[in-house]
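K.L.:
below: sequence and its predicted model.
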Amino acid sequence: MNTVPIKNNIRELRFFAEEMTQQELAELIGVTRQTIIAIEKSKHSPTLEVAFKIATVFGHSIEEVFQYQNG
C-alpha cells in the first residue's frame, strides 16, 4: 500500500482531547469517519481546508499537526 508523504499526530491529539473519537472529530469538521481514518493512517492527504479545521479543533498550528516527509 502506498502512503502519502504527509504524516500527522491526530491520534495522539485525539487521545489528549479526552479520548475524542474519530467520529466526533469527523462531525466537528464536516467529513466522514472514513476520511479521518485514512488521514490518520497517512493513506490520504487532507485538503488545506480540512487540515486547518483539524488543527483548529485541537488549538494547534497546521505544522504541529501535520509534517511533510520529503523524500
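P.N.:
Received it, and whenever you're ready, just let me know what you need. Source: prediction; values computed, not measured.
K.L.:
send the alpha carbons of the top helix by length along the chain over as PDB?
P.N.:
If you go by DSSP state H, the chain has its longest helix at helix 48-58. Only the C-alpha atoms of helix 48-58 are listed here, as PDB (Å, rounded to 0.1, in the frame of the first residue of the first chain):
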ATOM      1  CA  LEU A  48      -5.800  22.500   3.100                       C
ATOM      2  CA  GLU A  49      -9.300  23.400   4.400                       C
ATOM      3  CA  VAL A  50      -9.600  20.100   6.300                       C
ATOM      4  CA  ALA A  51      -6.100  20.400   7.700                       C
ATOM      5  CA  PHE A  52      -6.900  23.900   9.000                       C
ATOM      6  CA  LYS A  53     -10.100  22.600  10.600                       C
ATOM      7  CA  ILE A  54      -8.400  19.700  12.300                       C
ATOM      8  CA  ALA A  55      -5.600  22.000  13.600                       C
ATOM      9  CA  THR A  56      -8.200  24.500  14.900                       C
ATOM     10  CA  VAL A  57     -10.200  21.800  16.700                       C
ATOM     11  CA  PHE A  58      -7.000  20.900  18.700                       C
END
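K.L.:
from Thr32, how far out is Tyr68?
P.N.:
Plainly put, Tyr68 is 24 Å away from Thr32 if you go by CB to CB, to the nearest Å. Any C-beta I mention is one placed from the backbone N, CA and C, and that applies to glycine too.
K.L.:
quick one: the strands in this protein?
P.N.:
Using DSSP state E, the strands of the chain run over 6-8, 66-68.
K.L.:
CSV for these, including distance to Gln23, mean pLDDT and mean neighbour count?
P.N.:
What follows is these, written out as CSV (distance: least, CB to CB, whole Å; pLDDT from 0 to 100; neighbours: other CB atoms under 10 Å):
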stretch, distance to Gln23, mean pLDDT, mean neighbour count
strand 6-8, 18, 94, 16
strand 66-68, 21, 94, 14
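K.L.:
so where's the protein uncertain?
P.N.:
1-3, 71 (pLDDT under 70).
K.L.:
where exactly do the helices run in it?
P.N.:
Along the chain, counting by DSSP H, helices occupy 10-16, 22-29, 33-40, 48-58, 62-65.
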